[in-house]
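Participant: coords please:
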Amino acid sequence: MKEKWTDDIRELITALTEKFNLIVRNSNLMTGLGIGATSAGLGVFLGPVGVLAGIKQTITTQISCCIQQTNKQKPFLMVFSGAALGGVVSVWMNGERSLIEVIKDLSTDALLRLYTGVKERLDGWVWPCPDALLEKVFSSESLQKNITDFLERFFKTLHMVVVPKM
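Facilitator: Below is the predicted model of the structure:
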């Protein structure tokens, strides 16, 4: 096995990601709910017209316009607009990304834990080249499952969910 075994493991993860079309979703629901609740509160205070008025007017004008609009609008519309904005922000925060993109953003320590965890699933097998590693893993469904299960558990600790893209 060559000195840069991490490159081989990264290549293996990339190949598994492509084979199973794996993506990562942020599963931190509490953050999304908090942003949704805050947005709903802002919607009640500012009102939907007040929020839209900020696009064309200065901050000072926006505040006075928002206060006037809030007094005239029904509370349901204000709550609905804030909730809608919160929903959009939650979906954006909980959006999906390719597993490879997420791995690129991991810290050095997290990367080493990820690569070491995948390497441990190989039961001490030493591969002469990346192609031999890929051939070994892709010839064994149980080994593929073992590694993908590890990936799911690893990212779950980071409040992320690894799933195949439908």
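Participant: show me what contacts R97?
Facilitator: I23, V24 (C-beta atoms under 8 Å, 6 or more residues apart in numbering). Every residue, glycine included, has its C-beta placed from N, CA and C.
Participant: Likewise for S98?
Facilitator: T17, L22, I23, V24.
Participant: let's go with 7 Å and repeat that
Facilitator: By C-beta atoms under 7 Å, 6 or more residues apart in numbering, S98 lies in contact with T17, I23.
Participant: now it: how far from W127?
Facilitator: 25 Å (C-beta to C-beta, to the nearest Å).
Participant: E152 too?
Facilitator: Counting by C-beta to C-beta, the gap from E152 to W127 is 23 Å.
Participant: swap in T14?
Facilitator: Noted for T14: a distance of 16 Å to W127, by C-beta to C-beta.
Participant: More neighbours: those two, which one.
Facilitator: Higher neighbour count among T14 and W127: W127, with 18 against 15, using other C-beta atoms under 10 Å.
Participant: for this structure, what helix or strand is lowest in average pLDDT?
Facilitator: Every helix and strand in the chain was compared by mean pLDDT, DSSP states H and E; the lowest is helix 59-72, with a mean of 46.
Participant: Quick one: list the elements packing against the helix or strand hosting F154.
Facilitator: Taking DSSP states H and E as the definition, one finds F154 inside helix 141-156. Other helices and strands packing on helix 141-156, by 3 or more C-beta pairs under 7 Å, 6 or more residues apart in numbering; DSSP states H and E, are helix 5-20, helix 108-120, helix 130-138, strand 160-164.
Participant: cutoff 8 Å now
Facilitator: On a contact count with 3 or more C-beta pairs under 8 Å, 6 or more residues apart in numbering; DSSP states H and E, helix 141-156 meets helix 5-20, strand 22-26, helix 108-120, helix 130-138, strand 160-164.
Participant: tell me the contacts of V163?
Facilitator: L22, I23, V24, R25.
Participant: So if we follow the domain assignment, how does the chain break up?
Facilitator: Split into domains by automatic domain parsing, the chain comes to 5-25+96-164, 30-93.
Participant: Any regions of this structure where pLDDT drops low?
Facilitator: Within the chain, the ranges that satisfy pLDDT under 70 run 1-3, 27-95, 166.
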